[in-house]
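Peer 1: fold the following.
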Amino acid sequence: MQKIITLLLFSGIVLISCQSSRNRMTVKEQFDRLENVFEVANWQKITGKDTVYQYFSRMGDELFHVYQYSIEKGDSASSHLSFIRQNGGKIQWSLEDGSFELSSVDSTSSKWIDGKGSPAFAYKKISDSLITFTREGQPEILMRKTLPLATFLVRSRYDFINGTHTVDSALVPGKDKDHK
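Peer 2: Take a look at the predicted model:
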């Protein structure tokens, strides 16, 4: 009788552990969900007078290149390349101010923790063209999807040289037919 109870307990533990591992997402599935949030896109962050851009580029199944840059005089003034990658079964984002670990992700949001396990920042997709960025202890920042990176940089330089504003919108309106 005791052997049967032990066998049943052991079987139950194995069954529960198999069930919990089935519910856990693979690294690729987590990267797929991150891509649902960020897409392969250029996002504009406006904070006060400063405007910063983040361009997310997925490179294969388990890597994102993230370019953060600002524009000055129609050209990229400062830029930083960071990586979101798998490291020891965890997804990490190496930024200038430290390394952060993905704590949760779904099709519309991602939450990141610092090296001490404390919440650090989060991204939440509001629509196809808007994401919010929240850093722990700071106000929420709205990010707007902009033009693809190459088009954005060309238009930005053109605007600087010609005093125009074609980069302000992903869709530049055509000339008004009544306007002469």
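Peer 1: can you confirm Ile91 is in a helix?
Peer 2: No. Going by DSSP: H, G, I helix; E, B strand; the rest coil, the assignment for Ile91 is strand, not a helix.
Peer 1: contacting residues for it?
Peer 2: By Cβ atoms under 8 Å, 6 or more residues apart in numbering, Ile91 lies in contact with Val27, Gln30, Phe31, Leu34, Ile84, Arg85, Glu101, Leu102. Every residue, glycine included, has its C-beta placed from N, CA and C.
Peer 1: any idea which element the fifth one lies in?
Peer 2: Using DSSP states H and E, the secondary-structure element containing Ile84 is strand 75-87.
Peer 1: do the same with the fourth one
Peer 2: The secondary structure element spanning Leu34 is helix 27-38 (assigned by DSSP H and E).
Peer 1: just to revisit the earlier point, please convert the buried members of the contacts of Ile91 into ChimeraX selection syntax.
Peer 2: To isolate the buried members of the contacts of Ile91 in ChimeraX, using 16 or more other Cβ atoms under 10 Å:
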select :30,31,34,84,85,101,102
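Peer 1: pLDDT and distance to Trp43 added to the contacts of Ile91, as JSON lines?
Peer 2: Formatted as JSON lines, those follow (pLDDT from 0 to 100; distance: Cβ to Cβ, whole Å):
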{"residue": "Val27", "pLDDT": "96", "distance to Trp43": "23"}
{"residue": "Gln30", "pLDDT": "97", "distance to Trp43": "20"}
{"residue": "Phe31", "pLDDT": "97", "distance to Trp43": "18"}
{"residue": "Leu34", "pLDDT": "98", "distance to Trp43": "13"}
{"residue": "Ile84", "pLDDT": "98", "distance to Trp43": "14"}
{"residue": "Arg85", "pLDDT": "97", "distance to Trp43": "20"}
{"residue": "Glu101", "pLDDT": "98", "distance to Trp43": "21"}
{"residue": "Leu102", "pLDDT": "98", "distance to Trp43": "18"}
